[in-house]
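Engineer: Got a sequence here, can you build the structure:
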Amino acid sequence: MEEASLKIFQSLVLLPFSLSDGSMHAFLGPFSNPSKKKTHNDLLPEDDSTLPFVYSPTIDLSLFSDTAKMFRAFPPPKDKHIQWLEHIEASKQSIWKEAGIFDFVQLSKYDLNVFDPQMLLSSVFFWNRETRAFEFPCGFVCPTLLDIAAITGLKPLGDCYLPDTLEEEISMTETLIVWDKKTYSAFVSAHHGEEGTPVTDSEHIAFLLYWLSACVFCTPCMQVPKYYYTLAQALQKRFA
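Structural biologist: Below is the predicted model of the structure:
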């Protein structure tokens, strides 16, 4: 870049980059002023041993060569997923609204693989894995409970989920869960009821179990575990 252009970029943006066609772009800004004294922070004191990711001498960009792997634990909204969701939603949306999860369920209709890799990479540069926050010149930035509430529609206050205690408080419904069909695709195929038929409590619980595993907690094994079975039962039981 020409010196004059470089000065403009340095005063306004943080990460300039050029594309193969020669066009210039940039993300985030402005550059921090090395001569400016940082604001003291008692809550998250600065620790030289835990520098942000931006200070790493080498950055491995191979992860961004296949963007489909970025959110592989979150199932893309393929036909099976959407069809089952809409099948359950048609008769159970009132229960979801009463439980406060209706808006959260709607998020599973969107594909997380549609994102801007350059923007994501720019933000990752400033993530500090020790403080679990982004470290910018203006200070620390991190997600809050209000951010989660705004995105998911969930209330930041509520009862704690304790599986053992919850199992003692509710009477478990006998369900026809096919536990040997644990992968997402196989689980959906095994529990998706016929179109036009009423949604049974058993199918609803199976869907909630799948949704909790695949879309809420994003289990890294990409399978439906039994761990969230009690919570799925509670969501069905308490608001049915």
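Engineer: make it CA atoms for all contacts and neighbour counts henceforth
Structural biologist: OK.
Engineer: Residue 206 touches residue 177, doesn't it?
Structural biologist: Yes: using Cα atoms under 8 Å, residue 206 makes contact with residue 177 at a distance of 6.6 Å.
Engineer: Now list whatever residues contact both of those two.
Structural biologist: By Cα atoms under 8 Å, 6 or more residues apart in numbering, residue 206 and residue 177 have these common neighbours: residue 191.
Engineer: When the two are compared, which one has more neighbours?
Structural biologist: Just comparing residue 206 and residue 177: by other Cα atoms under 10 Å the higher neighbour count belongs to residue 206, 25 against 18.
Engineer: Ramachandran angles for the more buried one?
Structural biologist: Backbone geometry at residue 206, expressed as degrees, to the nearest 10, gives phi -60, psi -40.
Engineer: Check the gap between it and residue 153 for me.
Structural biologist: As judged by Cα to Cα, to the nearest Å, residue 206 and residue 153 stand 22 Å apart.
Engineer: same deal with residue 196?
Structural biologist: Distance of residue 196 to residue 153, given as Cα to Cα: 30 Å.
Engineer: These two: which has the busier surroundings?
Structural biologist: residue 153 (17 against 7).
Engineer: Can you check what pLDDT the model gives the nearest residue in space to residue 91 that is not next to it in sequence?
Structural biologist: Using Cα to Cα, 6 or more residues apart in numbering and skipping the chain neighbours, the partner closest in space to residue 91 is residue 199 (7.0 Å). Residue 199 carries a pLDDT value of 91.
Engineer: State whether residue 199 is indeed within a strand.
Structural biologist: No: Residue 199 is assigned coil when assessed by DSSP: H, G, I helix; E, B strand; the rest coil, not a strand.
Engineer: how far away is it from residue 124?
Structural biologist: The gap separating residue 199 from residue 124 is 43 Å, by Cα to Cα.
Engineer: and if you look at residue 102?
Structural biologist: Taking Cα to Cα, one finds residue 102 at 31 Å from residue 124.
Engineer: neighbour-wise, which of residue 199 and residue 124 wins?
Structural biologist: Using other Cα under 10 Å, the more surrounded residue of residue 199 and residue 124 is residue 199, with 18 against 14.
Engineer: Secondary structure element holding residue 196?
Structural biologist: Taking DSSP states H and E as the definition, one finds residue 196 inside no helix or strand.
Engineer: Tell me the predicted confidence for it.
Structural biologist: Reported pLDDT for residue 196: 82.
Engineer: and what of residue 212?
Structural biologist: In this model, residue 212 carries a pLDDT of 92.
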